[in-house]
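> Quick one, fold the following:
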Amino acid sequence: MSARDFQQLTDLFPDEVVTHSYVQDIPLPRVDGAPGAGTLALITLDNGLDHRRPSTLGPNTLVELGTVLEAQRDRAARGEIAGVGVTGKPFFLAAGADLSAVKSLKDKEAGRLMARLGHDVYSTLNDLGVPSFVFINGLALGGGLEIALNATYRTVSTGAGALGLPEAFLGLVPGWGGVYLLPRLIGPANAVTVMLENPLSNNRTLSGPAAFKLGIADAIFEPADFVEQSVNWAARVLAGAETPARPHAVSEPLSEADSAAWDAAVEHAKAFVEAKTSNAAPAPARVIELLEQGRNFTRAESFAAEEDALADLMQTPQFRDTVYAFLDLVQKRGKRPAGAPDTKLARPVTKVGVVGAGLMAGQFALLFARLLKVPVVMTDIDQERVDKGVGYVHGEVDKLLAKGRISPDAANRTKALVTGSVSKEAFSDADFVIEAVFEELEVKKQVFAEVEAIVSPECILATNTSSLSVTAMAEGLEHPERLVGFHFFNPVALMPLLEIVRAPKTDDAALATAFATAKALRKTAVLVKDAAAFVVNRVLLRLMSEVFQAFDEGTDAHTADNALRPLGLPMTPFTLLAMVGLPVAQHVTESMHAAFGDRIAVSANLQSLIDAGKKGLWEKAEDGSQHIPADTLALLSFGTTPSTAEELLARTRDALAEEIGLMLAEGVVAGPEDIDLCMILGAGWPMHLGGITPYLDRSGASERVNGRRFHTA
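Sure, this is the predicted structure:
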């Protein structure tokens, strides 16, 4: 890259926090009694900040790393070093490119230059004249992981977390060699998991052990002496005493078997992306295109194609919308919840009570025990139910152990923390009690009255209600100020959102404890007012109500269920209906109809399905297609005013704009950003749409319905 190009890039990153490359020469130890191979030049990437600020990669960072690597190449040519290693500051290798800076690249050529700079620097790792090693000591995402992929060998720490290539989730492609290198190292099927399946599944990442199992790393060591052990391992490799096994690596050129596996992986990727996003987002499709075309590319050809893809995608509205959704909402607003009280008011939680021992209660107990690491006691009306609930938790712990996600010691400790009782007296010393009983107001009120008579006045009482009034639940309590809504989403372990509900009498200490507990549970909490269905369910029910009304009016089922596919939602309305359960959906709909009137319509057809014991509308044929069975269709009656898909999409947009406008007017949340955050984390609203309210602004629905946009243009 020319000096002029570099200057152009650095001018676009005036606020770059430079991650420096510090070099230390380490004499290699003896191997099996023989003298060591010489000296390893170990480069440590460090931005000089604490553990809250991971090292990121901007142009100045990359140029410094490239300069240091070139100096090591010169040293290798003089015979001064036997190898080069790269590692990171504590807990981090590197977090990839700084998205907040990348989003400011308005010129397509600037994006191409950024991609080319990464390729130029990283390629030096393969042109040192001596083997290169990357010791993955912690987080390694995107360009951070691609540093390792470009090296000759890799080790990983068992304590390393958050390894992956999340670019498809962020609206980009792995642009510094990942698309070419990863499938050749770990096989195309595993590469699809890392580049597409994980990113598009709530941006899932790999642990150190999982990365090692896939073959991303050649060796794995414990955190306490990770760098020392990695250097010792490198010494053995350099001495010829160790040859890494790479069972998943493909042959060059591709063998017939590898070629068939590549084809199968591409087809699987296409089906997965279609099911997950309806092909509404451009980035995942571009990853597949690079993978498919790149099977016979040279390294240089693949890198050039990555540069073209990055340059194109950085200029798409979907990328900028994703950056807003991810950085401004999930990363920033999600970590600083609007309206949350001072954290100093939070009370310690040293024991948790769970009322109920059913499936949801079991999920709560497991989560609290694993992450808070405090005793959790479950109660129910008889010993059989209690035993079944505790048994479920222990069984889930055993599954985690079998998958290698927790150690045997952690499994034993977690099991020991979860106990059961038929008496609520077991809650007498609890600091936090959450109910997981039937969604009926009187049942919950009775539960809290019984619990309040046992626990201390400082104990926080939490309800997981999805739609009932927390205010009404608090009526009759001696201390209504300590009751708070604590609404999880299912499955509890995976869904990142918690709606924390403040009733009129809820005090700041209860809220602060709820927010602190949510943080300890690794959830993103949003403060919501006590209003029917809060945020996510209210928006989703309005959406589903419009679709089901159109169906009842005579719209063809396929048209009704697929009208919203251009949005790329994680599932269709009728699929979501079946997953939630028709009786549950109808129960919540009736509650919302009572609160909001005809905006949320109660469907007679849905009731007919429930009365007949149907689980949903669709059944799958042998060829995988969906149809409504004749006996199901016979239960239903329809109007004579069908809608087209375009009409239904427009109608749904307007309905959502109206509902969200009313929610903001009612003060359900502090601002539209909180509704965006809730829908992204609680309903899987696609990142590439940038949040539901910006989408409604762009579509014109906000101004058409409310007379103004939710956001300043």
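
> okay, CA-based contacts and neighbour counts for the rest of this
Fine.

> which residues of the stretch 51-200 of the chain fall in strands?
83-88, 92-94, 132-136, 139-141, 153-157, 163-164 (DSSP state E, counting those that start in this stretch).

> Which residues belonging to the first one are considered buried?
Of the residues in strand 83-88, those buried under the neighbour-count criterion (16 or more other C-alpha atoms under 10 Å) are Gly83, Val84, Gly85, Val86, Thr87, Gly88.

> Relative to it, what are the paired strands and their orientations?
strand 39-46 (parallel), strand 132-136 (parallel) (DSSP bridges).

> tell me the most buried of the ones you listed?
strand 132-136 (a mean of 28; mean count of other C-alpha atoms under 10 Å).

> Contacts made by it with the rest, please.
Contacts to strand 132-136, defined as C-alpha atoms under 8 Å, 6 or more residues apart in numbering, come from residues 83-88, 92-93, 125-126, 147-148, 151-157, 160, 227, 230, 234.

> just the buried members of these?
Counted by 16+ other C-alpha under 10 Å, the contacts of strand 132-136 give 83-88, 92-93, 125, 147-148, 151, 153-157, 160, 227, 230, 234 as buried.

> OK, contacts around Val102?
Contacts of Val102 (C-alpha under 8 Å, 6+ apart): Gly111, Met314.

> roughly how far apart are it and Gly691?
20 Å (C-alpha to C-alpha, to the nearest Å).

> could you redo the strands of the stretch 51-200 of the chain as CSV and give each row mean pLDDT?
Shown next, in CSV, are these (pLDDT from 0 to 100):
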stretch, mean pLDDT
strand 83-88, 98
strand 92-94, 96
strand 132-136, 98
strand 139-141, 97
strand 153-157, 98
strand 163-164, 97
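
> Select, out of the ones you listed, the one closest to Val349.
Closest approach to Val349 among those (C-alpha to C-alpha): strand 139-141, 29.2 Å.

> Each with direction, which strands does that closest one pair with?
strand 92-94 (parallel), strand 163-164 (parallel).

> Format the ones you listed as JSON lines; extra columns: distance to Leu468.
Shown next, in JSON lines, are the strands paired with strand 139-141 (distance: least, C-alpha to C-alpha, whole Å):
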{"stretch": "strand 92-94", "distance to Leu468": "44"}
{"stretch": "strand 163-164", "distance to Leu468": "40"}
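
> Which parts of the stretch 251-400 of the chain are strands?
352-355, 376-379.

> ok, and what's touching stretch 531-539?
Here stretch 531-539 has contacts from 466-469, 499, 501, 528, 592, 595, 656, 659-660, 668, 675, 678-679, 682-683, using C-alpha under 8 Å, 6+ apart.

> quick one: Val602 and Ser591 touch, right?
No - in this structure Val602 lies outside contact range of Ser591 using C-alpha atoms under 8 Å: 9.7 Å.

> So if I had to pick from those two, which one is more boxed in?
Higher neighbour count among Val602 and Ser591: Val602, with 22 against 18, using other C-alpha atoms under 10 Å.

> gap between the more buried one and Trp262?
49 Å.

> and stretch 658-667, average pLDDT?
Averaged over stretch 658-667, pLDDT sits at 98.
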